[in-house]
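J.: All I have is the shape, not the residue letters:
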């Protein structure tokens, strides 16, 4: 098995090659160790930061998860955020704690 992917852990965007040699996963093309970690996680349990908006009486406010969550839970996470109707929200405010049991909080990321 050989896969190609672009690392998204930093602005470098290294072109990674991932090969399975026996039980070992070998990553090449990475400029730093974060690329190895990213590639191995992407193959076993991909995760993403969720960035969206939450509805308030003053209009939508940008929000995101504090840490990446499993990719297969992203849609459910957005659905949970969409259920919220807040009077107002301030930068840094936690609007959902431990969303879907992932350990990630959903926080407001903008004042406007």
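T.: In hand now; what should we look at? Since the structure is predicted, the reported quantities are computational estimates derived from the model, not experimental observations. Residues are numbered from 1 along each chain as shown.

J.: where do the helices sit along this protein?
T.: For the chain, the helices defined by DSSP state H cover 33-44, 74-82.

J.: Which one, of those, ends up nearest to residue 26?
T.: helix 33-44 (9.2 Å; C-beta to C-beta). C-beta coordinates here come from the backbone N, C-alpha and C atoms, glycine included.

J.: The closest one: which residues count as buried?
T.: Neighbour-count burial for helix 33-44, counted by 16 or more other C-beta atoms under 10 Å, picks out 35-36, 38-39, 42.

J.: ok, residues contacting that helix?
T.: 3, 5, 7-10, 14, 16, 18, 25, 27, 29-30, 47 (C-beta atoms under 8 Å, 6 or more residues apart in numbering).

J.: do that again at 6 Å, thanks
T.: 7, 9, 14, 16, 18, 25, 27, 30 (C-beta atoms under 6 Å, 6 or more residues apart in numbering).

J.: Show the average pLDDT along that helix.
T.: Mean per-residue pLDDT for helix 33-44: 91.

J.: State the phi and psi torsions of the residue lying farthest from the centre of the chain.
T.: Distance to the chain centre peaks in the chain at residue 22, reaching 29.7 Å (criterion: C-alpha atoms, centre = their mean). Dihedral pair for residue 22: phi 70, psi -120, per degrees, to the nearest 10.

J.: shaky segments in the protein?
T.: 112 (pLDDT under 70).

J.: rerun at 80
T.: By pLDDT under 80, the weakly predicted segments of the chain are 1, 111-112.

J.: ok so, going back, quick one: the residue farthest from the centre of the chain from residue 1, how far?
T.: 11 Å (C-beta to C-beta, to the nearest Å).

J.: Check residue 17 too.
T.: 11 Å.
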